[in-house]
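Asks: sharing a model that was predicted from the sequence below.
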Amino acid sequence: MSDAINRMETIRAVAEWHENGEVPHEPVKPESIQSVFGRDVFSERVMRERLPKDVFRSVLRTIRLGDPLDPSVADTVANAMKDWAIENGATHYTHWFQPLTGSTAEKHDSFISPDGHGGIVTEFSGDALVQGEPDASSFPSGGVRATFEARGYTAWDPTSPVFLIRGTNSVTLCIPTAFVSYTGEALDKKVPLLRSMDAVSAQAMRILRLFGTDKGVSRVFTTCGAEQEYFLIDRRFFVTRPDLLLCNRTLFGSKPPKDQQLEDHYFGSVPDRVLSYMAECEKELYALGVPIKTRHNEVAPAQFEVAPVFENANVAADHQQLVMQVLRKVAPKFGLQCLLHEKPFAGVNGSGKHNNWSMATDTGVNLLDPREETHTNMQFMVFLTAVIRAVDLHADIIRASVAHAGNDHRLGANEAPPAIISIFLGDMLQDIVEQIEKGAIKSTMKGGKLDLGAASLPQLPRHTGDRNRTSPFAFTGNKFEFRAVGSSQSIAWPNVVLNTIVAESLDYIATELEAAVGKSPTEEKLKNAVAKLLQRIIKEHKRVIFNGDGYDIAWHKEAEKRGLPNFKDSVSAFSALKTKKAFDLFRKYKVLNKVEVESRHHIYLEQYIKVVTIEARTALSMAKTLILPAALRHQTELAEAVAATQAADIDCGSLRDELEDFAELSAKFRETIGTVEKALADLHHKDEQAHAEQLRDLVLPRMLDLRELGDELERHVANDLWPLPTYREMLFVR
């Protein structure tokens with residue numbers, strides 16, 4: 001009974017906490033945002049104030065233009081950085097990096113050193129700034145490093161701002177770094193991201209030179225704005241659920257009578273406690289220079305979203321890690337727990353991380369902005385067509401970039417896109433693409449105005465295309481929204497893939513156009529060459545364009561006819577990383593060599609195996625020690641009720657039927673526990689691929705059977721006997 005009693009006490013405590021309206025922090029004051037923003041960042045403004053002019057200009061060239069860092073300035077920068085950090089309360093520094101775990105890592109070193117005379121000095125050299133040496137064997141390497149081969153290096157990334165992390169009683173200087181092995185292979189997500197951005201820049205500059213729009217442009221960046229969806233539940237519920245504590249998702253849980261079907265949570269009024277939490281998160285993120293812009297309720301009860309302004313994709317990836325870190329860190333201050341899993345609650349909306357991706361010059365021109373008369377904007381059409389070709393040719397690798405165990409539970413329903421990768425263009429661009437295919441581009445579709453029918457309301461400009469919530473890759477005005485990225489996932493790897501495949505298409509287009517216009521290009525030659533090339537590309541790759549309902553079963557059949565890949569699970573999707581096409585693609589653009597690609601395939605497969613195995617073992621533990629005992633107690637009480645009713649000489653036929661039905665359900669539950677245990681015991685641990693496939697084909701289906709029976713038991717067991725916080729409680733107590 002203790003678990004059920006603890007649960008009931010927890011629920012009462014949460015209800016009392018909620019009723020009293022306890023909010024431990026004041027909301028951030030609007031007038032303080034100006035002074036808070038970037039306070040904890042060693043920004044360009046800070047560097048301008050603290051560095052000699054020649055040193056500042058040298059570092060700025062590295063940041064803005066990608067020039068190699070001048071080693072001679074490192075000591076000066078390190079000293080200025082140390083002084084600024086210590087003035088802000090820092091005692092330690094760390095090389096902050098992103099290993100292939102998908103999270104971040106850090107090892108703290110003190111600025112303080114003994115001076116040899118009984119005192120101390122504060123030191124931070126250029127060498128310490130530029131290079132660190134963590135243990136490379138203790139992070140996933142996919143076979144690149146053996147356990148006895150421990151050396152690895154971190155290298156300062158000057159293009160991402162250095163920042164301070166403030167703890168309860170500590171401040172640490174965090175230096176964004178790349179992480180590589182002793183032999184030089186990338187062991188992180190930053191190195192390939194930076195390489196892929198270089199690849200895009202090199203090929204995009206060729207296009208700009210062809211069009212004569214490269215004047216003053218030194219570099220092209222990919223930009224990103226990643227929306228973050230998440231759930232918030234009371235922390236006291238979280239710690240009493242072993243599945244949430246260990247797996248970040250519920251392995252059991254019956255849907256309540258009400259969930260999201262009334263559609264009353266989306267964009268609704270934000271609960272006070274949640275709003276205070278959001279404001280505190282924003283205050284911390286503003287201090288870190290993260291440009292948070294939007295916050296709102298999402299579709300499912302207890303689900304919310306935060307979104308930033310667009311940034312350089314490398315900085316955006318670092319900032320996205322900070323967003324997740326801050327969301328998790330701040331929640332307990334408000335008695336909450338932030339859940340970033342893609343599907344923490346079955347049957348309601350899952351959480352994604354919509355990756356809004358574009359390309360821009362270092363002069364601020366968005367290369368995917370169609371402008372007013374789009375049909376006359378040949379340069380835009382070249383970049384758009386390059387993306388279409390890239391997505392069609394490499395849909396399998398794109399799908400692999402978002403493959404992991406958590407996302408398998410999300411893709412395909414409740415506003416999450418299907419596993420089939422397709423492109424949504426909208427009415428205006430679809431019309432132009434069709435004109436290109438016919439060989440004559442004559443006009444741009446206009447959106448017009450919306451008359452709302454009331455004199456007091458303004459006429460609204462109408463966009464030329466609707467949105468498509470079921471498309472995995474949708475054009476949304478001046479960018480593509482890659483909606484298949486999972487909420488717990490680092491955005492670095494999906495952006496590596498997008499950058500690399502688009503670089504390949506830009507390379508192809510530039511090569512074709514350069515050959516067509518020759519050494520004496522004219523505007524007319526270029527116009528004719530572009531028209532012919534784009535027409536051919538559209539005809540060859542239009543199969544990937546789909547503007548309809550991605551959930552419709554007819555689309556799945558149509559996609560199969562078109563030859564589009566449909567990897568319905570991660571184990572299948574990972575195979576795209578084992579192909580010659582993938583090896584050649586990443587090697588050609590110097591993003592990853594064959595060893596680095598193979599290591600990622602190995603790591604992602606290994607992570608899948610570990611995650612599903614942990615979930616299976618957790619489900620068994622919960623089934624045997626929590627759910628089954630509660631069911632047997634309920635069964636005993638039913639049996640006692642039958643006996644007492646019989647003793648009173650009262651007809652107990654229906655009650656006996658209920659007892660028999662429940663006893664049969666309990667027996668099925670016990671039997672299914674055995675099938676899950678057997679499935680785990682029969683796994684082929686020596687063959688990694690076979691191991692993953694068996695987990696997918698044998699263990700997960702039996703876990704689902706166990707869950708269905710467990711959830712059915714929950715619907716029958718007396719509330720005071722059930723040992724776990726229910727969906728009703730977790731989703732609606734705020």
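Replies: Received, thanks.
Asks: max-length strand in this structure?
Replies: If you go by DSSP state E, the chain has its longest strand at strand 171-181.
Asks: ramachandran angles for Asn297?
Replies: The phi/psi pair for Asn297 (degrees, to the nearest 10) reads phi -70, psi 140.
Asks: could you measure from it over to Glu282?
Replies: According to Cβ to Cβ, to the nearest Å, Asn297 and Glu282 sit 16 Å apart. Every residue, glycine included, has its C-beta placed from N, CA and C.
Asks: what do you get for Ile650?
Replies: In terms of Cβ to Cβ, Ile650 sits 63 Å off from Glu282.
Asks: quick one: which of these two has more around it?
Replies: Between Ile650 and Glu282, counted using other Cβ atoms under 10 Å, Glu282 has the larger neighbour count: 21 against 9.
Asks: find the nearest non-adjacent residue to that one, please.
Replies: Ile292 (5.2 Å; Cβ to Cβ, 6 or more residues apart in numbering).
Asks: the one you found pairs with what?
Replies: Per DSSP bridges, the residues bridged to Ile292 are Pro308.
Asks: that one reaches Glu305, doesn't it?
Replies: No - counting by Cβ atoms under 8 Å, Ile292 stays clear of Glu305, with 11.1 Å between them.
Asks: return the distance of the helix or strand where Arg195 lies from the chain's centre.
Replies: Using DSSP states H and E, Arg195 sits in helix 190-211. Offset of helix 190-211 from its chain centre (Cα atoms, centre = their mean, to the nearest Å): 23 Å.
Asks: packing partners for that helix?
Replies: If contacts are counted by 3 or more Cβ pairs under 8 Å, 6 or more residues apart in numbering; DSSP states H and E, helix 190-211 sits against strand 171-181, strand 220-226, helix 313-330, strand 355-361, helix 378-393, helix 492-517.
Asks: got a markdown table for those, with mean pLDDT and mean neighbour count too?
Replies: Shown next, in a markdown table, are these (pLDDT from 0 to 100; neighbours: other Cβ atoms under 10 Å):
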| stretch | mean pLDDT | mean neighbour count |
| --- | --- | --- |
| strand 171-181 | 95 | 23 |
| strand 220-226 | 95 | 25 |
| helix 313-330 | 97 | 23 |
| strand 355-361 | 96 | 24 |
| helix 378-393 | 95 | 22 |
| helix 492-517 | 97 | 22 |
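Asks: right, so of those, which gets closest to Pro629?
Replies: Across those, Pro629 has its closest neighbour in helix 313-330 (32.1 Å, Cβ to Cβ).
Asks: what packs against that closest one?
Replies: Applying 3+ Cβ pairs under 8 Å, 6+ apart, one finds that helix 313-330 makes contact with helix 190-211, strand 220-226, strand 228-234, helix 272-287, strand 303-308, strand 336-339, helix 492-517.
Asks: just the CA trace of it, in CSV.
Replies: Output in CSV follows, covering the C-alpha atoms of helix 313-330 (Å, rounded to 0.1, in the frame of the first residue of the first chain):
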residue,chain,number,x,y,z
ALA,A,313,23.7,27.9,-37.7
ASN,A,314,26.8,27.1,-35.6
VAL,A,315,25.8,29.6,-33.0
ALA,A,316,22.2,28.5,-33.2
ALA,A,317,23.3,24.9,-32.5
ASP,A,318,25.2,26.0,-29.4
HIS,A,319,22.4,28.2,-28.3
GLN,A,320,19.9,25.3,-28.7
GLN,A,321,21.9,23.2,-26.3
LEU,A,322,21.8,26.1,-23.8
VAL,A,323,18.0,26.4,-24.3
MET,A,324,17.6,22.7,-23.4
GLN,A,325,20.0,23.1,-20.5
VAL,A,326,18.2,26.2,-19.1
LEU,A,327,14.7,24.7,-19.5
ARG,A,328,15.8,21.6,-17.5
LYS,A,329,17.7,23.6,-14.9
VAL,A,330,15.1,26.2,-14.0
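Asks: now for the residue nearest to Gln337 when sequence neighbours are not counted, how many residues are close by?
Replies: Residue nearest to Gln337 in three dimensions, not counting chain neighbours: Phe238, with 3.8 Å by Cβ to Cβ, 6+ apart. Using other Cβ under 10 Å, Phe238 is surrounded by 20 other residues.
Asks: mind listing what Thr104 touches?
Replies: Counting by Cβ atoms under 8 Å, 6 or more residues apart in numbering, Thr104 touches 96-98, 321, 325.
Asks: switch the cut-off to 10 Å
Replies: Applying Cβ atoms under 10 Å, 6 or more residues apart in numbering to Thr104 gives the contacts 96-98, 174, 176, 188-189, 318, 321-322, 324-325, 490.
Asks: swap in Ser471?
Replies: Contact partners of Ser471, counting by Cβ under 10 Å, 6+ apart, are 417-418, 421-426, 480-484, 546-550.
Asks: apply 6 Å and report the result again.
Replies: 424, 550 (Cβ atoms under 6 Å, 6 or more residues apart in numbering).
Asks: is it true that it lies in a helix?
Replies: No - according to DSSP: H, G, I helix; E, B strand; the rest coil, Ser471 belongs to no helix; its state is coil.
Asks: pLDDT wise, what is it at?
Replies: With respect to pLDDT, Ser471 scores 87.
Asks: quick check: it vs Gly548, distance?
Replies: Taking Cβ to Cβ, one finds Ser471 at 9 Å from Gly548.
Asks: likewise for Pro256?
Replies: 33 Å.
Asks: in a helix, Asp243, correct?
Replies: Yes - Asp243 forms part of a helix when assessed by three-state DSSP.
Asks: for the strand or helix carrying Leu713, which helices and strands make contact with it?
Replies: Element membership of Leu713 [criterion: DSSP H and E] is helix 700-714. On a contact count with 3 or more Cβ pairs under 6 Å, 6 or more residues apart in numbering; DSSP states H and E, helix 700-714 meets helix 653-681.
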